[in-house]
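**Student:** need a structure here:
(2 chains)
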Amino acid sequence: MNSDKITKSVLFSVSILILMLAAGMVYSLVGGAIPAFKAFGLNFIISGEWDPSEGRENYGALPFIVGTLLTSFAALIISLPLSFSTSLFLGEYYKETKVARIIGLLVDLLAGIPSIVYGLWGFYVLRPFLIDLGFGGQGFGIFTASLILAIMIIPYATSLSNEIIRMVPNDLKEAAYSLGATRLEVISSVIIPNARSGIVAGYILAFGRALGETMAVTMLIGNTNIVPTGFFQTGNTMASVIANQFGEADGLKLSSLIAIALLLFVITGVVNALGKMIIKKFS
Amino acid sequence: MESINTLLDQDHSTRRLLKDKLVLAGIILFSLLTVSPIVLIISKLLVKGYRQISLDFIIKNTPDTYEAITAVANGEIIPGGIANGIVGTFLMVVLASALAIPIGVLTGIYLYENQGKRMSNLTRSVSDILQGVPSIVLGLISYLWIVKHVTMGYSALAGSISMSIMMLPMIVRSTEETLKMIPQTLKEAALALGVPYHKVILRVLIPTGFSGLLTGILLGISRILGETAPLLLTALGSSMINLDMTKPSSAIPLLIWEFYNDPNMVDLIWSSSLLLMAIVLILNIVSKQIIANRR
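**Tutor:** Just a heads-up that it's a prediction; the model follows:
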């Protein structure tokens, strides 16, 4: 009896450890970010100027917030037709066939490729290809970064929607077929309405993934610390500015980078919580 | 009049069927387009990287810039290898796993045993949120905790900590999901025989769910193996093999980043990426195989 109590309290205290870990992370980020927020106040979020020169240091996170949201949204939109087609391919048209198993494996492997390898491929293959197509300049920028991000988030969007599409009850589909519906009509009037919230949740989670990607984006976005005004312009994201500017940072600059990390933490947390909430409601 | 109607009807169904076929063609096309990057990336790595792969590549340290310049100037392949990165990655992954696996598995068991209770719901949500935290933020956290306060400088330990925080939620989740699939009766049979609770965990739950746990662990390891961003803020890199975890250490992805930024070494990126990809893909395929066998 006594040993059971010990086991239970060990399990309990280990899970407390996870809560403490999360609380500690928030505490450290907030603590580190305070000097930046004290110095710039609300301006930290709405100022578009990032100027590290001695004496007139000014750090505004707006270029990076805009850059992050812009690349992630664009990636989501680019990946949408691809991943949605693939999830229909895997979850409906070729469900439980050998072809689907191979395609499914390849999509899963796409999730296994390290970010830096995507970056290299983007830099040495995709970027020259875009230049050849006539996308001007050096091929760096929001668009190139979004393209590689789109490929990176496809597996996350695909796997969840595929599961959900697969779960749509057969009798619903058969009822539609018996009324003479074509496969496309079954998809658009039975499968999609039934699987809608699950599919949406999958895309929200994929969006959350895109927000935090660092290496591949850093290698392709051009790393300019100004608010991007166009889709084909260079820019920077919250994750990549941390990676880029961290090496030489201390004092107010370090605190500003920590503040950006805190903002990124909050944004991804909200996006992920939203996705999970929809999934929970759905199941 | 009637014949016109049937004609229109026929026209209508042909259009519907045609649309159906067109969409299917589009879906097949887009699905193939979706998986094309993996084929393109792997073939690019193979074509550009295979020449560099040799025994030396695995057992020697990174060459210095001078060696690299001379080799490139003479049209030879760059000598040396990435042993410092391989050892660094290995050590950091082992330590990260040693921290994350026990904590993750125990938390997973806790969540499984306390379904629906408020405390376990909270832990589950927090663990889910941790899973979504970008790796660069975890690197920064580990910098603030370990680099600044424990090792007083960049260190392999800090890299390990950031990796283990990344791995932890994955293991929690896979443990709980695995245990949920074990028939309740197995556990009840053991308890009915008067087996103490910790032995039920060690002798019944963990062995029965072993393949599931292993899958989660392998996927977790394959995820942290390729992480670069957090290591830039923690392990920093080193040109030598370093076994002291409190000192800076190299890692395969860190070396790829260094090679990428050094015009003299840039030829080495392909072979290093090839090696990294090979390890990651093998881990992925092995774990998928384990899942397939269980079904």
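**Student:** neighbours around B:Gly159, how many?
**Tutor:** When counting by other Cβ atoms under 10 Å in any protein chain shown, one arrives at 36 neighbours for B:Gly159. The way it works is simple: take the backbone N, C-alpha and C, and place the C-beta from them, glycine included.
**Student:** just to check, it is in contact with B:Ala229?
**Tutor:** No: B:Gly159 is not in contact with B:Ala229 according to Cβ atoms under 8 Å; the separation is 11.2 Å.
**Student:** stretch B:108-115 and chain A in contact?
**Tutor:** Yes: using Cβ under 8 Å from any Cβ of the partner chain, we find that stretch B:108-115 touches chain A at B:109-111, B:113.
**Student:** from those residues, pick the one nearest chain A.
**Tutor:** Nearest to chain A out of the residues of stretch B:108-115 next to chain A is B:Tyr110 (Cβ to the nearest Cβ; 4.0 Å).
**Student:** ignoring the adjacent residues along the chain, who's closest to B:Ser97?
**Tutor:** Excluding the flanking residues, the one nearest B:Ser97 by Cβ to Cβ, 6 or more residues apart in numbering or on different chains is B:Ile221, at 6.4 Å.
**Student:** restricted to buried residues, select the residues of stretch B:108-115 next to chain A in PyMOL.
**Tutor:** Selection command for PyMOL covering only the buried members of the residues of stretch B:108-115 next to chain A, criterion 16 or more other Cβ atoms under 10 Å in any protein chain shown:
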select buried, chain B and resi 109+110+111+113
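**Student:** the residues of stretch B:108-115 next to chain A in helices, which ones?
**Tutor:** B:109-111, B:113 (DSSP state H).
**Student:** want to throw those into CSV with pLDDT?
**Tutor:** Converted to CSV, those look like this (pLDDT from 0 to 100):
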residue, pLDDT
B:Ile109, 94
B:Tyr110, 94
B:Leu111, 95
B:Glu113, 90
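**Student:** need the contact list for residue 58.
**Tutor:** As the question left the chain open, I've gone with chain A. Listed by Cβ atoms under 8 Å, 6 or more residues apart in numbering or on different chains, the contact partners of A:Asn58 are A:40, A:47, A:49-51.
**Student:** let me rephrase: I mean chain B.
**Tutor:** Listed by Cβ under 8 Å, 6+ apart, the contact set of B:Ile58 reads B:81-83, B:86, B:275.
**Student:** show me the two of those that sit farthest apart.
**Tutor:** Within those, two members stand farthest from each other by Cβ to Cβ: B:Ala83 and B:Leu275, at 11.2 Å.
**Student:** okay, those two: which has more neighbours?
**Tutor:** Shown here are B:Ala83 and B:Leu275; by other Cβ under 10 Å, B:Leu275 has more neighbours (22 against 18).
**Student:** how about whichever residue of the stretch 1-150 of chain A sits closest to chain B, nearest residue that isn't a chain neighbour?
**Tutor:** Closest to chain B within the stretch 1-150 of chain A is A:Pro114: 2.5 Å, counting by Cβ to the nearest Cβ. Closest residue to A:Pro114 apart from its sequence neighbours, by Cβ to Cβ, 6+ apart: B:Gly226 at 2.5 Å.
**Student:** which residues touch that neighbour?
**Tutor:** A:112-117, B:253, B:276, B:280.
**Student:** how far away is it from B:Ile282?
**Tutor:** Going from B:Gly226 to B:Ile282 by Cβ to Cβ, to the nearest Å gives 13 Å.
**Student:** what's the answer for B:Ile27, then?
**Tutor:** Counting by Cβ to Cβ, the gap from B:Ile27 to B:Ile282 is 31 Å.
**Student:** next one: A:Asn223
**Tutor:** As judged by Cβ to Cβ, A:Asn223 and B:Ile282 stand 34 Å apart.
**Student:** of these two, who's got more company?
**Tutor:** Taking neighbours as other Cβ under 10 Å, A:Asn223 and B:Ile282 compare with A:Asn223 leading, 19 against 13.
**Student:** need the contact list for the more buried one.
**Tutor:** Here A:Asn223 is in contact with A:234, A:236, A:240-241, A:244 (criterion: Cβ under 8 Å, 6+ apart).
**Student:** go with 7 Å
**Tutor:** Contact partners of A:Asn223, counting by Cβ atoms under 7 Å, 6 or more residues apart in numbering or on different chains, are A:236, A:240, A:244.
**Student:** which residue packs closest to the second one, ignoring adjacent ones?
**Tutor:** To tie it back to what came earlier, the one meant is A:Ser240. A:Thr218 (3.8 Å).
**Student:** rewinding a little: tell me the phi and psi of the residue nearest to A:Pro114?
**Tutor:** Torsion angles at B:Gly226 (phi, psi; degrees, to the nearest 10) stand at phi -90, psi 0.
**Student:** distance of it from B:Leu268?
**Tutor:** For B:Gly226 relative to B:Leu268 (Cβ to Cβ), the value is 17 Å.
**Student:** and for B:Leu225?
**Tutor:** 18 Å.
**Student:** also A:Ile221?
**Tutor:** On the measure of Cβ to Cβ, A:Ile221 and B:Leu268 end up 24 Å apart.
**Student:** and if you look at B:Lys199?
**Tutor:** 51 Å.
**Student:** higher neighbour count, these two?
**Tutor:** With neighbours defined as other Cβ under 10 Å, B:Lys199 and B:Leu268 compare such that B:Leu268 has more, 26 against 12.
**Student:** contact partners for the closest residue to that one other than its chain neighbours?
**Tutor:** Setting aside the residues directly before and after it, B:Leu268 is nearest to B:Phe259 in space (Cβ to Cβ, 6+ apart), at 4.5 Å. Applying Cβ under 7 Å, 6+ apart, we find B:Phe259 in contact with B:265-266, B:268-269, B:272.
**Student:** and which of these is nearest to A:Phe143?
**Tutor:** For those, the nearest to A:Phe143 is B:Ile269 (23.6 Å; Cβ to Cβ).
**Student:** can you tell me the closest non-neighbouring residue to the closest one?
**Tutor:** Using Cβ to Cβ, 6+ apart, the closest residue to B:Ile269 is B:Phe259 (4.7 Å).
**Student:** what does A:Gly202 give?
**Tutor:** A:Leu160 (3.3 Å).
**Student:** and the host helix or strand of that neighbour, what does it pack against?
**Tutor:** Per DSSP states H and E, A:Leu160 falls inside helix A:142-167. Under the contact criterion of 3 or more Cβ pairs under 7 Å, 6 or more residues apart in numbering or on different chains; DSSP states H and E, helix A:142-167 touches helix A:62-88, helix A:98-112, helix A:192-212, helix A:215-220.
**Student:** what packs against the third one?
**Tutor:** Spelled out, that is helix A:192-212. By 3+ Cβ pairs under 7 Å, 6+ apart, helix A:192-212 packs against helix A:62-88, helix A:142-167, helix A:251-282.
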